[in-house]
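Colleague: kindly generate the corresponding structure for this input.
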Amino acid sequence: MLAGMLAWSCAIFSYYAYYGILLSLGELPHLEHLNIFGDKDETFWYYYWQMFKRIILGQFFEWIIIALIGGAVIGALSFWLIHSRPKDLTQKYET
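Modeller: Residues are numbered from 1 along each chain as shown. Next up, the predicted model:
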């Protein structure tokens with residue numbers, strides 16, 4: 001169960017880390033003006049952090065909960081399926 005939660009959480013974290021990098025480099029569509037290496041006016045950091053919190057952090061915290069629950073469910077189902085199978089299939093057919 002823990003392995004499923006960890007795997008799904010790492011996937012969500014890497015997905016939003018990648019989009020955080022894209023946002024910071026101005027590579028997201030219609031947000032090219034938020035390039036941290038480009039020209040900045042006095043309100044740049046305010047708007048940058050507002051967009052970062054809304055796009056990256058807001059969605060990350062929304063989806064990490066789903067990843068934890070989904071990973072736990074899939075991990076528990078996998079554990080149950082692995083341990084519910086007969087240990088030796090030949091025992092079933094011996095008389």
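
Colleague: leaving out the residues flanking it, which one is nearest to the residue nearest the centre of the chain?
Modeller: Residue closest to the average C-alpha location in the chain (C-alpha atoms, centre = their mean): Ile12, at 0.6 Å. Nearest non-adjacent residue to Ile12, counting by C-beta to C-beta, 6 or more residues apart in numbering: Ala67, 4.5 Å away. From N, CA and C alone the C-beta is placed, and that goes for glycine too.

Colleague: can you give me the buried ones in stretch 16-23?
Modeller: Along stretch 16-23, these residues count as buried under the neighbour rule (16 or more other C-beta atoms under 10 Å): 16, 19, 23.

Colleague: can you put the residues you listed in JSON lines and add distance to Gly58 and secondary structure?
Modeller: Below are those laid out as JSON lines (distance: C-beta to C-beta, whole Å; DSSP: H, G, I helix; E, B strand; the rest coil):
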{"residue": "Tyr16", "distance to Gly58": "10", "secondary structure": "helix"}
{"residue": "Tyr19", "distance to Gly58": "12", "secondary structure": "helix"}
{"residue": "Leu23", "distance to Gly58": "13", "secondary structure": "helix"}
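
Colleague: give me the number of residues near the residue nearest to Ile12?
Modeller: 21 (other C-beta atoms under 10 Å).

Colleague: much appreciated, bye for now.
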